[in-house]
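S.K.: A predicted structure for the sequence below; I have some questions about it.
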Amino acid sequence: MTCTSSAPCDTIAKAEDGGALSREEIAALLSLREPSEVERLFQAADRVRKAQVGDEIFLRGIIEFSNHCRNNCLYCGLRRDNRDAQRYRMEDERILGLARDIQARGCTTVVLQSGEDPCYTVERMCGLIRRIKTGTDLAVTLSIGQRPYEDYKAFREAGADRYLLRHETASADLFARLCPGRSLEDRIQCLKWIKELDYETGMGCMVGLPGQTVGDLADDVLLIRGLDADMVGIGPFIPHEHTPLKDCLPGHTTLVLKMLSVIRLVTRDTNIPSTTALGVLDGPGRKKAFEAGANVFMPVFTPQDYAERYEIYPGKGDVEKADGAILDFKGFFDSIGRPIGKGPGGRRRTR
Ligand code: 5AD
Ligand code: SF4
């Protein structure tokens, strides 16, 4: 596709060359409407993905081991006040068995995910991490929310390699409204500790939150760049009927994909998954993400009876079932010439 010299094309070219984009330039890319320009953005991100992290797609197997949560985020089906949620906690042996399955299925990383559940004390989590590290070759990623510095330190010493903690939104106002009793400042402090402890650090946000502007999304990109995230998870907001946001509109697939592409262009060599939430909103959109900057796939290994109850947003379990998990996608990855990654797939810094 040739580019007539227009402002959006100039900005896409600048981004592809690794030029530092301003907030306005990021907002302009996120606001692209013309389908040919949007496609050009996706293609630029796809080229940067190939040059920076190669063609491999890395698999991270997720275990959702507890859906109890002490928080009350307005958007989430696991929020404390949702009395309709049927809560569960997995035993350590069960989690360990699933981690072994994950290794047997060709994943190189296990992601231990839960709501913020104090029942899994620092000692219990450390024991679990140690057992997984000695019993498998898996990289261990934790996604268990905000904790004190000492906990993050203990998990790291027990062998945890990576930590995912989405910042959710870079707008302090929106964050305060959506996460009662929490502040963006504290969330960022946790991310700084995690970075300082030398975890590979994942952050990310939702797209299409009620009241969120394109300027807010540009701030998300700048925050992600500023904190030098190693992994970035982006997904659409999807309203859940048992939450205060039940009547709000969901995010738009194209905006999520544009955001993903811009983050690839700006962050260069990070690991970026195509998220389940994208699949819920738009099955093809989740595949499209792999041609717009994504290089990670995260199949869920939570057993069906539990997975149904890990309903952060509606439709999540159905997408996971369809993943079957990986089999459906292997054919697709083959068709676009993308091999499954063999090593642990950590960030290979290219800068
Ligand atoms: N729609 C989309 N994503 C959501 N999350 C929580 N609730 C929703 C929702 N309704 C995301 C948040 C959280 C992650 C576990 O799931 O970003 O960090
Ligand atoms: Fe809990 Fe996370 Fe849901 Fe917030 S988003 S209620 S912290 S599980």
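M.R.: Okay, I see it. Ligands and ions are numbered 1, 2, ... in the order given.
S.K.: tally of neighbours for the residue of the stretch 151-300 of the chain found nearest ligand 2?
M.R.: Nearest to ligand 2 in the stretch 151-300 of the chain, going by CB to the nearest ligand atom, is residue 179, at a distance of 6.6 Å. Yep, even glycine has a C-beta here, placed from its N, CA and C like the rest. Neighbour count for residue 179, taken as other CB atoms under 10 Å: 22.
S.K.: in space, what's closest to it - neighbours in sequence excluded?
M.R.: The shortest distance from residue 179 to any non-neighbouring residue, by CB to CB, 6 or more residues apart in numbering, is to residue 73 (5.0 Å).
S.K.: and the helix or strand containing residue 123, what does it pack onto?
M.R.: For residue 123, the host element (DSSP states H and E) is helix 122-135. In this structure, helix 122-135 makes packing contacts with helix 92-104, strand 139-143, helix 149-158, judged by 3 or more CB pairs under 8 Å, 6 or more residues apart in numbering; DSSP states H and E.
S.K.: would you mind measuring from the residue most central in space within the chain to ligand 1?
M.R.: Nearest to the mean C-alpha position of the chain, counting by CA atoms, centre = their mean, stands residue 233 at 2.3 Å. Using CB to the nearest ligand atom, to the nearest Å, residue 233 is found at 7 Å from ligand 1.
S.K.: and that residue, what does it touch?
M.R.: By CB atoms under 8 Å, 6 or more residues apart in numbering, residue 233 lies in contact with 164, 166, 202-204, 272-273, 275.
S.K.: for those, give me a markdown table that also has neighbour count and pLDDT.
M.R.: Below are the contacts of residue 233 laid out as a markdown table (neighbours: other CB atoms under 10 Å; pLDDT from 0 to 100):
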| residue | neighbour count | pLDDT |
| --- | --- | --- |
| 164 | 27 | 98 |
| 166 | 18 | 98 |
| 202 | 26 | 98 |
| 203 | 27 | 98 |
| 204 | 23 | 98 |
| 272 | 27 | 98 |
| 273 | 27 | 97 |
| 275 | 24 | 90 |
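S.K.: so can I have a markdown table of those residues showing secondary structure and distance to ligand 2?
M.R.: Formatted as a markdown table, the contacts of residue 233 follow (DSSP: H, G, I helix; E, B strand; the rest coil; distance: CB to the nearest ligand atom, whole Å):
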| residue | secondary structure | distance to ligand 2 |
| --- | --- | --- |
| 164 | strand | 11 |
| 166 | coil | 8 |
| 202 | strand | 14 |
| 203 | strand | 14 |
| 204 | strand | 12 |
| 272 | coil | 20 |
| 273 | strand | 17 |
| 275 | coil | 14 |
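S.K.: which one among these gets closest to residue 319?
M.R.: residue 275 (9.9 Å; CB to CB).
S.K.: show me what contacts the closest one?
M.R.: So residue 275 contacts 233-235, 286, 289, 298 (CB under 8 Å, 6+ apart).
S.K.: who wins on neighbours among the residues you listed?
M.R.: Using other CB under 10 Å as the neighbour criterion, residue 234 leads those with 30 neighbours.
S.K.: isn't there a helix covering that one?
M.R.: No. Counting by DSSP: H, G, I helix; E, B strand; the rest coil, residue 234 falls outside a helix, being strand.
S.K.: that one reaches residue 205, doesn't it?
M.R.: Yes. When contacts are counted by CB atoms under 8 Å, residue 234 is listed as touching residue 205 (6.5 Å).
S.K.: picking up where we left off before, of the contacts of residue 233, closest to ligand 1?
M.R.: Closest to ligand 1 out of these is residue 166 (3.9 Å), distances taken as CB to the nearest ligand atom.
S.K.: quick check: closest non-adjacent residue to that closest one.
M.R.: Leaving aside its chain neighbours, residue 166 sits nearest to residue 204 (4.4 Å; criterion: CB to CB, 6+ apart).
S.K.: which strand or helix spans the residue of the stretch 201-350 of the chain found nearest ligand 2?
M.R.: Distances between the stretch 201-350 of the chain and ligand 2 by CB to the nearest ligand atom are smallest at residue 312, namely 5.9 Å. Applying DSSP H and E as the criterion places residue 312 outside every helix and strand.
S.K.: tell me who's in contact with it.
M.R.: Neighbouring residues of residue 312 by CB under 8 Å, 6+ apart: 76-78, 240.
S.K.: farthest-separated two in the residues you listed?
M.R.: 78 and 240 (9.2 Å).
S.K.: intersection of neighbour lists for those two?
M.R.: 311-312.
S.K.: quick one: which of these two has more around it?
M.R.: Between residue 78 and residue 240, counted using other CB under 10 Å, the more crowded position is residue 78 (27 against 24).
S.K.: gap between the more buried one and residue 117?
M.R.: Going from residue 78 to residue 117 by CB to CB, to the nearest Å gives 10 Å.
S.K.: mutual contacts of the two, please.
M.R.: Joint contacts of residue 78 and residue 117 (CB under 8 Å, 6+ apart) are 68-69.
S.K.: now, which of the contacts of residue 312 lie close to ligand 2?
M.R.: 76, 78 (CB under 6 Å from any ligand atom).
S.K.: possible to save the contacts of residue 312 as CSV with distance to residue 256?
M.R.: Formatted as CSV, the contacts of residue 312 follow (distance: CB to CB, whole Å):
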residue, distance to residue 256
76, 18
77, 19
78, 21
240, 18
